[in-house]
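**Student:** with the input below, show me the fold.
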Amino acid sequence: MKIAIVEDEPFTKKRIQTIITQHYPHAQIVSTGQTLEELSLILGRQQEIDLLFCDLHLADGLSFDVLKVFEISIPIVFITAYDQYALQSFDHNCIDYLLKPIEEERLILALEKASKFIRDTQKPVIAPEILHQIFHGYQNKIYKQRFLAKYGNKIKLISVKDIAYFFTENSVTYLVCSGESKKYIVDYSLQELEEQLLNPLEFYRINRSSIVSLDYLQEMKPYQNGRLQLSLNSPAFTDLIVSREKVNQFKEWINK
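**Tutor:** This is a model prediction of the structure:
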């Protein structure tokens with residue numbers, strides 16, 4: 001089995017490679033990438049690939065933007081921290097949909113499923129168990145409801161409903177509540193918040209250092225180099241600027 005991996009997070013890519021090597025030693029990882037351009041190049045050589053592992057959210061945009069341009073002939077296992085794209089993924093030869101952080105057992109099952117499709121030389125179809133996971137498992141995912149946050153020598157329990165945004169400064173993560181002129185320290189990285197703890201329907205990572213809440217977004221206006229500047233109902237401890245590569249995706253998110 002010849003496998004391609006398109007994933008922009010080094011840790012996740014390494015984990016996929018390790019699991020494949022341990023459990024499918026005869027499989028070959030023939031190509032890897034981390035951008036939409038590299039995904040496009042890989043899809044242009046589909047005849048050389050049996051299976052594609054593909055992150056939905058790459059650093060420069062959604063994989064769907066590239067996939068819809070090609071006639072896909074290979075099975076795809078999508079990898080993402082977001083469950084709201086599950087149904088859309090099956091328009092692109094999806095045989096499985098893995099949520100981050102990736103569980104080894106789930107990835108092995110995806111490999112077994114891909115092996116069966118390849119052996120049977122069948123076009124991938126939506127497996128009943130995957131539909132069951134989408135409608136029952138993924139929709140019931142529980143996100144963090146409150147955070148223990150530090151301010152000086154005090155610790156406060158803060159409901160996620162009161163949080164306007166998170167940001168990092170000097171490798172420290174802070175949260176800011178609506179209507180409060182304080183910034184609280186939390187013991188999570190932005191990556192952990194984005195991929196595991198926050199509901200992606202309510203929070204969005206606008207750049208490398210900030211995650212904002214939709215509930216407290218008041219205004220957005222054009223900023224330099226095609227970016228957007230946001231105003232929230234909260235004190236501004238940092239500039240809340242939507243990076244250029246995320247502007248279109250951000251607009252889609254707020255219009256859901």
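**Student:** show the model's pLDDT score for Asp120.
**Tutor:** Looking at Asp120, its pLDDT is 62.
**Student:** repeat that for Ser210.
**Tutor:** 95.
**Student:** can you give me the strands in the stretch 151-256 of the chain?
**Tutor:** Counting by DSSP state E, counting those that start in this stretch, the stretch 151-256 of the chain has strands at residues 154-159, 163-169, 172-177, 184-186, 203-207, 210-213, 217-222, 228-232, 241-242.
**Student:** so which of those strands is nearest Ile42?
**Tutor:** strand 203-207 (25.3 Å; CB to CB). Where you see a C-beta, it was placed from the backbone N, CA and C, and this is true even at glycine.
**Student:** so for the closest one, mean pLDDT?
**Tutor:** Strand 203-207 comes out at a mean pLDDT of 93.
**Student:** partner strands of that strand, with direction?
**Tutor:** Strand 203-207 pairs in its sheet with strand 210-213 (antiparallel), by DSSP bridges.
**Student:** contacting residues around the partner strand?
**Tutor:** 163-168, 190, 193-194, 198, 202-206, 230, 232, 238, 240-241 (CB atoms under 8 Å, 6 or more residues apart in numbering).
**Student:** try 6 Å
**Tutor:** With contacts defined as CB atoms under 6 Å, 6 or more residues apart in numbering, strand 210-213 is touched by 163-167, 193, 203-206, 240.
**Student:** so what sits opposite Ile163 in the bridge?
**Tutor:** Under the criterion used (DSSP bridges), Ile163 bridges to Cys177.
**Student:** who's in contact with it?
**Tutor:** So Ile163 contacts 175, 177, 213 (CB under 6 Å, 6+ apart).
**Student:** that one and Thr238: what is the separation?
**Tutor:** To Thr238, Ile163 is 14 Å away according to CB to CB, to the nearest Å.
**Student:** how near is the nearest residue to Gln218 once chain neighbours are set aside to Met220?
**Tutor:** Closest residue to Gln218 apart from its sequence neighbours, by CB to CB, 6 or more residues apart in numbering: Ser231 at 5.0 Å. Distance of Ser231 to Met220, given as CB to CB: 7 Å.
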